[in-house]
Each structure stands twice: as structure tokens, then as C-alpha cells.
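Asks: A structural model of the following input is requested.
(chains A and B)
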Amino acid sequence: MNYWPLLGILLVVGGFALRLNPMLVVTAAALATGLLGGLDPVAVVSTFGKAFNDNRIIAVVWLVLPVIGLLERYGLQQRAAALIRGMQGATTGRLLLLYLVYRQVTAAVGLHSTAGHPQTVRPLVAPMALAAAEQQWGPLDPAVADRVKSMAAATDNVGLFFGEDVFVAIGSIVLIQQTLATYGYALAPFELAIWAIPTAIAAFVVHGSRMLWFDRQLGRARP
Amino acid sequence: MITMAWLYALAGLMFAGFALLSAADRSNRRRFGNAAFWGLMALSLLAGDRIGDFGNGLLVLGLAAIGGFNLLGRGTPSTTSDAEREGWSARLGNRLFLPALIIPAVALAGTLLTAYTPVGTLGLFEPKRETYVFLVLGVLIALAVIHAWLRAPASAPLQEGRRLIDSIGWAAVLPQMLAALGAVFAAAGVGEIVGEATRAVIPEGSVFLTVAVYAIGMAVFTMIMGNAFAAFPVLAAGIGVPLLIQQYDGQPAVIGAIGMLAGFCGTLMTPMAANFNLVPAALLDLKDQYGVIRAQVATALPLLLVNLALIYWLAFP
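Replies: Residues are numbered from 1 along each chain as shown, chains lettered A, B, ... in the order given. Alright, predicted model coming up:
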């Protein structure tokens, strides 16, 4: 077996660890891996280009940017913050816990595209989480504000990942079904989706308690 | 039938608009870098199917060169100041949330309509891509509503969109680059090598340790590939099916479903999953590009242990 393509992985890991520009790291790794795997240079560039073209669906999501930008122009972030300031007992942790529930439940019923980093986290959830923290603890240190925003993004990811597999018609369930079918194990999507429920509950408990704990950490980070 | 090609064309026109506005933005010293970068994205979306695989490859190398050698700047499209925004927010009140809700509402209505009514059988939309069609339909309706209500200048949607895409920069293209890297890895046989390597470290006869290698292997290989979808077939072929299911009689449904979720724990911990971990760091203007990953590790690691234990208990009762 030809082990040389593993050097490509090493390039990626090393490049990311050294914080080199990811565009260069990825391109170098792709070219190196392809060449070491025995493809000729034209075939490597073609494979890379074809796969890029096959994944254009990822770029379609950016169509939401004009709407989000336009709403920001009219103060959407400020409005989201004002809404939180008007609420009694709103804390960053409780707010993110609520968003975790929303994200998990909507993803579990197939509505994963109703939220996301450009659509909801940047214009709504992050400003709300910041406003709640400022309301409770006063002006935030920039490093602490960054942590609050990171937690908002993290909550979106955790809610999505550990909610979507409960829905039967999601890509990952189809992939599991098809992979196991090639070995002769015929499973219905439903049989697979129910086994996503225990992990969904565990994710809610682990991340949810972290969010409530985060409120205490914020209190301690106060200058 | 409305297919993805329509949506690519629309997105392509948007990126072409970003490119033209970038070229005209004299406040940005690197304006031609931005124009070339977003112009290449427009070309990919508008003509990717016509320029051949090698042509697409050269296009990607162009994107990588512009993004990688720091030729991208940040434009300053005309927008409102923070004070003006506070003013608008106070004047418009919570009604400002309504247009933001149009996109999810249309996605919800569209999904229900195609799933539970005869509309889904009419063949109006490309199968399995309905969500994207309705996402974009929601965008168009929201733009129309906002325009009718607030009367922003006609260039505002593109200029505000450009403000956001410039703040994201090359990170906006990175997820697609990483998906392409995954394809090159697969073509070079990285999957088989990893499958063989994981088999080599498994101790004979221990169900628990085999489960552990399977679950942790899913997470680690997902971190390398940036995607649990790429890791699953490899680990299923290497360990899941031959050892856990066939040799130790484990339940296939549990091993498949929870194995995938163990991979998702890896997704939370890797910069390779750029659209989940690096793009939001750019969108939120974080100082540390790995800030989101840092925030996720303490959820991902305990959850990986939970998945490992769940496979052990539920698949081998």
C-alpha cells in the first residue's frame, strides 16, 4: 500500500497548527496528496476543480447576506439587544439555552435551514447574548465579549448537529442507510433516527449545563 | 422545474455585483483583488458547468492565490452609522424582526407544502433541493418587503451584502475548498490507508476497546477530513461492519447512527469544518479564528465519551 498520501494530512494538520493561511494550506495539501497518490498534475487540478464545482451548493447560502446586511442597516442588531434589555431575568446562559432548544427541536423536525450563522447568529443571537451579559455585568472586556460571541456560534453548531439526525430525511441518515445496505443490512431511516435521540438528550444536558455555568464564569470575569 | 442551476445563476449574479462594486470602491487599496476574487466566484457559479474540470481547477487555484497571498482588502460600502442604527431601531421597534422572520417562515411553509400536500408531486422543484429553493424564495420576498417598507437606495442590498462578504473574506470560499480537498484525499486512497491503520491498533477480543477505537476513530478521522460523511464509510468498512457487527454481533442501527454522531463530535473540534467553525469566527469578528472551536471542545469531548458508552451499552445488550 502507498502511504505517501498521508503527507497531505500532515501538511493540513501542520499548516492549521502553525496558523498559516488556510487557502494555501488546503491547496498545497490537495496538490501534494494527489501527486503522491499517483495522479498526474493535470488530473490533480481537474479532480480539485471538479469537486469544487460539485460543491457549489455551499455558496448558495450567501444569498441571505443582502437581506441580513439590509436589516442591519436599519438597526436589527441594536433592536435585538434592546429587546433583551427590556426583559427581566434574561441572562446570556439562559438565552443560549433557549436557543439550543430552538435549534435542536427545529432541526429534529427538518427545519435546519431556519437558522444558521449568517441568518440568526450574527444578526440576532450574538447581539442578544452580548446585551444580556452587559445588562447583568456592565461593559465587557473585548476578550470576554469574544467569548460570549463564540458561545453563541458554538450553541448553534451543537443544536444543529445533535438535532438534525433525529429527522429521518437528512443526508447523514441516508448515508448511514446506504453504507450499511451495501453490506446487506437493510434498515429503515426511522430505525436509525431513533438512535439519535439518546445523544440528542445528552448534548442538551452537557451543553445546556455549560451555558448556565457560563453565567457564573461571566460573573467572575467582571473587572 | 426550478433546479439548483437557477439558484447558482442568481448567486453568481450577486457575486458579479459584488465584484463590480468592489472594483469601483476607491477606499479599498486592494480593490482589484476583491473584484478578481468575487469575479471568479461569479464565474464559477454562472459557468462552472461549461469550463470543464481543468478550467474549474485553474479557477480554484486563482481563488487560492488571491486569498492566500493576502490580495484581498476590505471595502467600505456606504451604510448607516451606529447612532443612525439606534435611531432606526427605536423608531421601527420590534416590527424590524418581521422581515427577518420571512426567510424561516417561507422555508417552513415550503417544506410543509412539498412534504404533506400534492404540491410536492407536481415536479416544480428539483427533488431533495426544495429547502434551498424556498430559502432563496424567502430571500427574494424579504428583499421586496424591505424595499417596499423602508425605501432603501436600489444599490443598498448589494452594497450591504458586499459589506458582509468582505468581512468574511476568503473564509466564505474555504468550505467549498475543503470539500474539494476531501475529494482529492478520497481519490488518492487516504480512506483505505486510515481504515487499515485503525484495524492495526485494535486489540483482539475486547468489545469495549473495539468500540472505543471505532468511536474515537470516527471523531479523529472527521477532524482530518472536516466532515463525518467522509469518515463514516471508511470506519464502517474498517471496524463497524467486520468487527462490531459481524464478529461481535452488535446491532447495526446503533453502530451506524451513534457512530455518525461520534463523528459530529470531531466536527466541533476541527478548523477543517470551516463553515461551522471558521466562517462564524469571521462573521462575528472574533480576534481568535479558532475561538468557536475553543468554545466547543468542552462540549465535544464529554459527548464523545457519552457516544462511546452508548454504543457499548445499546449495541451489545
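
Asks: surely residue B:157 meets residue A:68?
Replies: No. Counting by CB atoms under 8 Å, residue B:157 sits too far from residue A:68 to count as a contact (10.2 Å). Glycine gets a C-beta too; all of them are placed from N, C-alpha and C.

Asks: Spatially central, which residue of chain A would that be?
Replies: In chain A, the centroid-proximal residue (CA atoms, centre = their mean) is residue A:157; its distance is 3.4 Å.

Asks: out of everything not next to it in sequence, what's closest to that residue?
Replies: In this structure, residue A:157 finds its nearest non-sequential neighbour in residue B:276, 5.0 Å apart by CB to CB, 6 or more residues apart in numbering or on different chains.

Asks: same thing with residue B:77?
Replies: Leaving aside its chain neighbours, residue B:77 sits nearest to residue B:159 (3.8 Å; criterion: CB to CB, 6+ apart).

Asks: give me the element the one you found is part of.
Replies: For residue B:159, the element it lies in under DSSP states H and E is helix B:156-168.

Asks: And the pLDDT at residue A:29?
Replies: Note for residue A:29: predicted pLDDT of 92.

Asks: Next, count neighbours for it.
Replies: Neighbours of residue A:29 under the rule other CB atoms under 10 Å in any protein chain shown: 24.

Asks: Pull the contacting residues for it.
Replies: Listed by CB atoms under 8 Å, 6 or more residues apart in numbering or on different chains, the contact partners of residue A:29 are A:8-9, A:11-12, A:15, B:181.

Asks: how about the residues you listed, which pair is most distant?
Replies: Spatially, the most separated pair among those is A:15 and B:181, at 11.4 Å (CB to CB).

Asks: ok, those two, which is more surrounded?
Replies: Neighbour count, other CB under 10 Å: between residue A:15 and residue B:181, residue B:181 has more, with 27 against 18.

Asks: so that one is in which element?
Replies: Assessed by DSSP H and E, residue B:181 sits inside helix B:174-187.

Asks: who's in contact with that helix?
Replies: A:5, A:8-9, A:12, A:22-23, A:26-27, A:29-30, A:33-34, A:37, A:39, A:44, A:47-52, A:54-56, A:58-59, B:60, B:63-64, B:191, B:225-227, B:230, B:272-275, B:278-279.

Asks: Produce a PyMOL select command limited to the buried residues of those.
Replies: The buried residues among the contacts of helix B:174-187 can be selected in PyMOL (16 or more other CB atoms under 10 Å in any protein chain shown) with this line:
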select buried, (chain A and resi 5+8+9+12+22+23+26+27+29+30+33+34+37+39+44+47+48+49+50+51+52+55+56+58+59) or (chain B and resi 60+63+64+191+225+226+227+230+272+273+274+275+278+279)
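
Asks: Could you list the domains of the chain?
Replies: No chain in the question, so chain A it is. A:6-55, A:63-221 (automatic domain parsing).

Asks: try chain B instead
Replies: Here the domain assignment for chain B is B:1-172, B:176-315, based on automatic domain parsing.

Asks: ok, and which of the ones you listed has the densest surroundings?
Replies: domain B:176-315 (a mean of 22; mean count of other CB atoms under 10 Å in any protein chain shown).

Asks: Please pull out the lowest mean pLDDT helix or strand from chain B.
Replies: Lowest by mean pLDDT, DSSP states H and E among the helices and strands of chain B is helix B:190-200, with a mean of 79.

Asks: Which other helices and strands does it contact?
Replies: Packing contacts for helix B:190-200, counted by 3 or more CB pairs under 8 Å, 6 or more residues apart in numbering or on different chains; DSSP states H and E, involve helix A:6-17, helix B:207-225, helix B:228-235.

Asks: Run the angle between the helix or strand just after the last one and helix B:228-235 for me.
Replies: Secondary structure here is assigned by DSSP H and E; on that basis, the next helix or strand after helix B:228-235 toward the C-terminus is helix B:252-267. Direction vectors for helix B:252-267 and helix B:228-235, defined by axes from the mean of the first three to the mean of the last three CA atoms, to 10 degrees, enclose an angle of 130 degrees.

Asks: Distance from the chain centre to helix B:252-267, please.
Replies: Here the centre of helix B:252-267 is set off from its chain's centre by 19 Å, with CA atoms, centre = their mean, to the nearest Å.

Asks: So for that helix, mean pLDDT?
Replies: 97.

Asks: which helices and strands does it pack with?
Replies: Going by 3+ CB pairs under 8 Å, 6+ apart, helix B:252-267 lies up against helix A:142-164, helix A:171-181, helix A:189-193, helix A:197-221, helix B:207-225, helix B:228-235, helix B:291-315.

Asks: Mean pLDDT and distance to residue B:144 for those helices - can I get that in a markdown table?
Replies: Formatted as a markdown table, those follow (pLDDT from 0 to 100; distance: least, CB to CB, whole Å):
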| stretch | mean pLDDT | distance to residue B:144 |
| --- | --- | --- |
| helix A:142-164 | 96 | 27 |
| helix A:171-181 | 85 | 31 |
| helix A:189-193 | 87 | 37 |
| helix A:197-221 | 94 | 37 |
| helix B:207-225 | 93 | 41 |
| helix B:228-235 | 86 | 36 |
| helix B:291-315 | 97 | 33 |
